[in-house]
Structures are given as structure tokens and as C-alpha cells.
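> would you be able to build a 3D model of this:
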Amino acid sequence: MASTAQLQSPQTLISKINSPLSSTFPTNKPKSINLNILYSLPSNKTFLRVESSSTANYNEVVVHDEEMDKIRRLQNGSDVRGVALQGEKGRTVDLTPPAVEAIAESFGEWVVEKLEKETKNGGKVENVRVSLGRDPRISGSALSVAVFAGLSRAGCLAFDMGLATTPACFMSTLLPPFQYDASIMMTASHLPYTRNGLKFFTKNGGLTSPDVEEICDRAARKYANRLAKVSTALKTSPQRVDFMSTYAKHLRDIIKERVNHPLHYETPLEGFQIIVNAGNGSGGFFTYDVLDKLGADTFGSLHLNPDGMFPNHIPNPEDKTAMALTRAAVLQNKADLGIVFDTDVDRSGVVDSAGNPINGDKLIALMSAIVLKEHPGTTIVTDARTSMALTRFITSKGGQHCLYRVGYRNVIDKGAQLNKDGIETHLMMETSGHGALKENYFLDDGAYMVVKIIIEMVRMKLEGSSEGIGSLIKDLEEPFESAELRMNVISEPRFAKAKAVEAIETFRTYIEQGQLPGWELDFCGECWVSEGCLVDTNDNPAAIDAHMYRAKVSDEENEEFGWIHVRQSIHNPNIAVNLQSNKPGGCQLMSRVLRDKFLLASGMDRVLDISQIDKFASTGNI
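Model (predicted):
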């Protein structure tokens, strides 16, 4: 259902036509117009059909809120992301200082209103304090000015944390003496240097997709009405603060207290060599302000200096180059552990002492093994792309496995909801490396994940084990084969979401009608694939930010040999297709069926670019 911001009165819309800001309308307007139709489409865009009574041929559908849509399209689930610098072929700069200012101002207003509602008498609140951290992207300085301007417009006091991490921004709302009312992290995670974005936090955690949608809707109206340069005159200048030292000490204290080393409490990492690959992002602090101060040998660490151009490789634990370089450094230095952080350190991956990369399902398995030692029988939530082998691993360790929607915020929020419902859930992880623990405020903190692994590594040695942390997942089976393919939506950006939803819903219909023999919508326990996801069965299911379905695939003998997961991308106008099989050639076979019996048969090949699917189905190569 469209919001009140989208469904407006005819009088309001007519006034927009006559407004000089409505650049989407022709300047040679007819002398008289009739408001013919006002309606809302699935793409959440409101359209106005204008018909002329003059002899000129003027009968077309135009978008009255094009400028507003520019801001709304910056929302990516629970984040804001966009192109901040020129340099991407086919992409224009859309995350501009005026856009960022409007979004920051709207966030500030949103925070103030929430705090006012929480006061006993609903009175005014003053001196609302908001911190800002950022990764080293070269667009960060200019966009920071816009954030401070927006917060100032909203009447908030701004605090500049400088180079920081996403988890640190959230912790700045909790750790004394800072304890800000809210925080913003400026980052685009692992995306290219041309991109940037915003993540939002209050003391209750990260904002949800509906929260960010509300903020972007408010910002869209400001932006469309203003269309002016960013303000430079601030009511109050931002105050520069050093929070990262406090956050690093917080992590050091956790390691010291939980290891409780019998010989050297203050330096429990003596005798361990740990290599960090920060990828020129924000993670270098973990080396010199956490590991070094705890006595670890960090010689051989890589790319610790912040560089917003990311000259060596993408800061991403899923990146093959990042993992390969870290593996080589671990083996060359005979280190005990290698660590790979993404740009803003809300994700991580590791390399064990034998040089084995541990990310994706392996990282989930490792964290599951550690958490299940501490909390036997706990439920572990993951996204629906994890392997059937991971489910067997978790259940063999005595845990329960809940598969849920793709999207780290979805996975974390599902875990938080299960705990509220009385189902003990201590770990929530997505295959991308986002992982959160109940004990750590349900915060996806890549540094905290590594802290847990380091503590377990030291404990194992103190207990007399000569095996590394990789031994904890030696029973994990690996899928025989897997693949990820993409289908770009053939559409203007503003229509892409609606077309992707249409394609994915058609996929669901084809399966339900039996047009793909052996394919069945997947389910997990009390969750069933419905409304585009492995969805909650409670009375108030969470809002869907991206449509997706997972189907299990069986052969003619009704023996299950794999699954396929089709989902709408939150960040880009495309559909991702994940396949996994325990039989040789299974992924190629499923892609062939997808192409021939669904995409071509349904005509969706006219809506989607199926070239990747076609190539893989024909050759087995991506």
C-alpha cells in the first residue's frame, strides 16, 4: 500500500504541474488539463495521466515526483547506498551532498521524534547527540560536511569520530562516557571506491528497512522542495572525538577476561602470530590497538594503511584475491591465524594455521561449533543460501538450524525475534560474513567475531591441543558444486524493482502449477516459502525488503540432489540465482531447466538478460 507521501490529492498534483520545480513536465503546457487517472503501481511510484484539450497531441503518463524518486532509490534495504564519484560506466552520481544532507536531516528529525515519544510526558528533548564515523573512501570528507549540515538543520549536536568501523558506531551509543543518542556510519562496505552510503544506529541497534524507508521518504520531500546546494553555515560545529580507542579497549578487555590466562593475564596472546589483512579499509586498528597490545606477533600483516582507492584488492572476506594473499602470508610466516576484514569491519573471514580459507558456510560452521560449546542446543539462524551439509553439521553438534531470508538485517532480526518468542538463539549469520551474537547486542561486528575465534584458539592451546581452529570444522562436508548467476532487469531503474518482483512471482507460480517437474518450494520446520521468502509464521511477520524463493530439486526417482534460490537484489537492478548440488553436473542441469522451462517458456527472457544463465546452461562455465 502506498504511503501518504505517495498518494496525494488532485489539487496537490495540479499545483506540482504549475510549479517551476516540476522539471519533468513540459514547459509548453496546454491551457487546460483534465486530471484523468491517479493510481499507484507496484513500483511504489505515483503517476499522473494528463490529457490536453488542445489540438496538440499531448497524452502521456509522466512521473510527478522524479526528484523524490532519486532519493528513494538510494535506499538499499536497511542502508543507503549510491554512486558518490564519477568513474562507473553507465552510472551517474546520485549520492550527492544535497541528497546526503536531506537524508541526515531526516534521520536527525526521526531520532528526535523517537526520543520525544519515549519521554514520560512526550515533551521536547534538547541536545540530541549523534556521532558520525566513516571508512577511508575519498568521497567521505565532502559527504561528511553534508551529514553535519543535515544534523544541524535537525537541531542535533554532531560528533565526528573520523575513521571508524560500523560496529564502533553502534557501540558509541552504549559505551561510556560517549553514549550518543544515535550514530551514522558512512560506508559502502566492499563496493568500489566510487560508491558510498550511510548506515544508521540508535541504542536499540541498526534501523530496519521500514525505518530507513520512512527516513528516505521524508528526505525525498525535502530534496525535491529544496534542490539547493548543501548548507555550509552550521548552527553548531561538529566536535571531534576519539571513540576508537575506547572501542579497542573494550575488545581487549573481553579477550583478557575470557581467556583469563594463568601466567600473563594482560598479554594473553603472547606466543601467537596473527596476520591481519585490512584491505586498506578501517580495520587496521585491530592490529596495533588490539592484537599488539595483547602481546601478539602481527608481523606480515597486510594493507593496514587506510586508502579509499583500495589499491590492492576489494576489502571483502569473500574476495578470492584477499583470501589468497592472506593465505600466502599465513603459510610464509607460519602464523597461527589470518584475518580478513571488509572495509567497515562489520564482516570478517579467517585463514587457519594450515592455510585453509574459512568464510561462507565454513565460517558459519566454525562460529556454530564455538557457540554450541557455550550454549548447547541453541538455535542458529542463517540465510537460505547455506548448504544442506551445514544443516547436518549444526544438528550433529546438537544445535537447531533456522533458514531465513537472504539479507543480513533479515537474519539478525529473525534471531532477535526468536529470542523474544522464548526460543534461545545465540548466533545469526549470513553467508556473506555478516554475523551477530546475542551476547553482543545482536550487532554484526566482524571484529567481535574474530575476538570469539581468537579466544577459542587460545583456550584450545591452554587445554593442551596442538590443533588449530580449523579442526573444529573437520566434519563439515562441502557441497559437490555450487554457482551464482545474475540476470539484469531490462528496464529503467525506477521500474526495475517491480519487474523483478513480477519475474520472481511468476517463478513461484510455475513451480506451484507443476510446470517444473521435480521442483518444489522449500520449507524449514515451521517456516514455509511464502510471500517471497522463508517467512515467519507469527501474527506480525517482518516486512519483505526483497522477494525471493528457494526450491528443492529432485530427480525422476524423487531423490533430492540440489536446490535453487532466486532473489531480487537489494543493491542492484538484477536477480541473483544461487544453485547448489550434490551430484556432478547438477547445477548445470538445473540452470538448463530454469532457462528452457521457465525463462523462455514464460517470456521472462524479454524482461531479463539471461545471457549468464544461457552460457552456464550451455557450457557449464560462468
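
> longest helix in this structure, please.
The longest helix of the chain (DSSP state H) is helix 97-118.

> packing partners of that helix?
Here helix 97-118 touches helix 66-72, strand 129-134, helix 140-153, strand 182-186, strand 195-202, helix 209-226, going by 3 or more Cβ pairs under 8 Å, 6 or more residues apart in numbering; DSSP states H and E. Glycine gets a C-beta too; all of them are placed from N, C-alpha and C.

> out of these, which is closest to Met161?
Closest to Met161 of these is strand 129-134 (Cβ to Cβ; 4.1 Å).

> can I get the helices and strands packed on helix 97-118 in a markdown table including mean neighbour count and distance to Met429?
Below are those laid out as a markdown table (neighbours: other Cβ atoms under 10 Å; distance: least, Cβ to Cβ, whole Å):
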| stretch | mean neighbour count | distance to Met429 |
| --- | --- | --- |
| helix 66-72 | 21 | 30 |
| strand 129-134 | 27 | 24 |
| helix 140-153 | 23 | 28 |
| strand 182-186 | 28 | 20 |
| strand 195-202 | 24 | 18 |
| helix 209-226 | 20 | 19 |
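
> just send these back as TSV, with distance to Val111 and mean pLDDT too.
Formatted as TSV, those follow (distance: least, Cβ to Cβ, whole Å; pLDDT from 0 to 100):
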stretch	distance to Val111	mean pLDDT
helix 66-72	18	82
strand 129-134	7	98
helix 140-153	9	94
strand 182-186	5	98
strand 195-202	7	97
helix 209-226	10	89
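
> between those, which gets nearest to Lys120?
Closest to Lys120 of the helices and strands packed on helix 97-118 is strand 195-202 (Cβ to Cβ; 18.8 Å).

> tell me which strands the following helix or strand past the closest one pairs with, and in which orientation.
Per DSSP states H and E, strand 195-202 leads on to strand 205-206 as the next helix or strand towards the C-terminus. Counting by DSSP bridges, the strands paired with strand 205-206 are strand 195-202 (antiparallel).

> check contacts around the closest residue to Asp475 other than its chain neighbours.
Take Asp475 and drop its neighbours on the chain: the residue closest to it by Cβ to Cβ, 6 or more residues apart in numbering is Phe393, 6.5 Å away. Counting by Cβ atoms under 8 Å, 6 or more residues apart in numbering, Phe393 touches Ala365, Ser368, Ile473, Asp475, Leu476, Glu477.

> out of everything not next to it in sequence, what's closest to Ile370?
Glu456 (5.0 Å).

> wait, doesn't that neighbour sit right on Ile469?
Yes. Using Cβ atoms under 8 Å, Glu456 is in contact with Ile469, at 6.2 Å.

> any common contacting residues for those two?
By Cβ under 8 Å, 6+ apart, Glu456 and Ile469 have no common neighbours.

> do you know the pLDDT at the closest residue to Ala154 other than its chain neighbours?
Nearest residue to Ala154, sequence neighbours excluded (Cβ to Cβ, 6+ apart): Gly108, at 2.8 Å. As predicted, Gly108 sits at a pLDDT of 97.

> same question, the one 5 residues further on
The predicted local distance difference test score for Glu113 is 94.

> next, count neighbours for it.
12 (other Cβ atoms under 10 Å).

> so where is the stretch 151-300 of the chain shaky, pLDDT-wise?
For the stretch 151-300 of the chain, applying pLDDT under 70 flags the ranges 227-235.

> for it, what spans make up the strands?
Using DSSP state E, counting those that start in this stretch, the strands of the stretch 151-300 of the chain run over 157-163, 182-186, 195-202, 205-206, 239-240, 274-277.

> one more: the stretch 451-600 of the chain?
481-489, 519-521, 523-524, 527-530, 533-535, 548-554, 560-568, 574-581.

> and the second one, how far from the chain's centre?
The chain centre lies 27 Å from the centre of strand 519-521; the measure is Cα atoms, centre = their mean, to the nearest Å.

> pLDDT averaged over that strand - what is it?
90.

> other SSEs contacting that strand?
helix 493-512, strand 548-554.

> now do the contacts for Leu337.
When contacts are counted by Cβ under 8 Å, 6+ apart, Leu337 touches 272-275, 330, 350-353, 453-454, 457, 468-469.

> narrow the residues you listed to just the buried residues.
Buried by 16 or more other Cβ atoms under 10 Å: 272-275, 330, 350-353, 453-454, 457, 468-469, out of the contacts of Leu337.

> so among those, where is pLDDT lowest?
Lowest in pLDDT among the buried ones among the contacts of Leu337 is Gly468, which has 91.

> wait, it touches Asp352, no?
Yes. Counting by Cβ under 8 Å, Gly468 does reach Asp352; the two are 4.8 Å apart.

> ok so, going back, could the strands of the stretch 451-600 of the chain go into JSON lines alongside distance to Lys461 and mean neighbour count?
Shown next, in JSON lines, are those (distance: least, Cβ to Cβ, whole Å; neighbours: other Cβ atoms under 10 Å):
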{"stretch": "strand 481-489", "distance to Lys461": "34", "mean neighbour count": "19"}
{"stretch": "strand 519-521", "distance to Lys461": "47", "mean neighbour count": "18"}
{"stretch": "strand 523-524", "distance to Lys461": "37", "mean neighbour count": "14"}
{"stretch": "strand 527-530", "distance to Lys461": "40", "mean neighbour count": "18"}
{"stretch": "strand 533-535", "distance to Lys461": "39", "mean neighbour count": "23"}
{"stretch": "strand 548-554", "distance to Lys461": "40", "mean neighbour count": "21"}
{"stretch": "strand 560-568", "distance to Lys461": "39", "mean neighbour count": "22"}
{"stretch": "strand 574-581", "distance to Lys461": "35", "mean neighbour count": "23"}
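
> any chance of these in TSV, plus distance to Lys117?
Output for the strands of the stretch 451-600 of the chain, formatted as TSV (distance: least, Cβ to Cβ, whole Å):
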stretch	distance to Lys117
strand 481-489	39
strand 519-521	40
strand 523-524	37
strand 527-530	33
strand 533-535	29
strand 548-554	34
strand 560-568	33
strand 574-581	38
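
> closest to Thr236 out of the contacts of Leu337?
Taking Cβ to Cβ as the measure, Thr236 lies nearest Ile454 of those, at 40.8 Å.

> apart from its chain neighbours, what residue comes closest to that closest one?
Per Cβ to Cβ, 6+ apart, closest to Ile454 is Ile255, 6.4 Å.

> how close does that neighbour get to Asp346?
Applying Cβ to Cβ, to the nearest Å, the value for Ile255 to Asp346 is 19 Å.

> between those two, point out the one with more neighbours.
More crowded of Ile255 and Asp346, by other Cβ under 10 Å: Asp346, with 31 against 21.

> mind checking pLDDT for the more buried one?
Looking at Asp346, its pLDDT reads 96.

> my read: it touches Gly435, true?
No. At 9.1 Å, Asp346 and Gly435 do not qualify as touching, with contact defined as Cβ under 8 Å.

> so what sits against both of these two?
Residues touching both Asp346 and Gly435 by Cβ under 8 Å, 6+ apart: Asp444, Gly446.

> can you tell me which residues contact the nearest residue to Glu116 once chain neighbours are set aside?
Spatial nearest neighbour of Glu116, excluding adjacent residues (Cβ to Cβ, 6+ apart): Val125 at 5.4 Å. Residues in contact with Val125 (Cβ under 8 Å, 6+ apart) are Val112, Leu115, Glu116, Thr119.

> same question for Leu594.
Contacts for Leu594 (Cβ under 8 Å, 6+ apart) come out as Ile564, Val577, Ile613, Ala617.

> same thing but 6 Å
For Leu594, the contact set (Cβ atoms under 6 Å, 6 or more residues apart in numbering) is empty.

> thinking again about what came up before, out of the strands of the stretch 151-300 of the chain, the one nearest Val93 is which?
The minimum distance between Val93 and these falls on strand 195-202, with 10.3 Å, by Cβ to Cβ.
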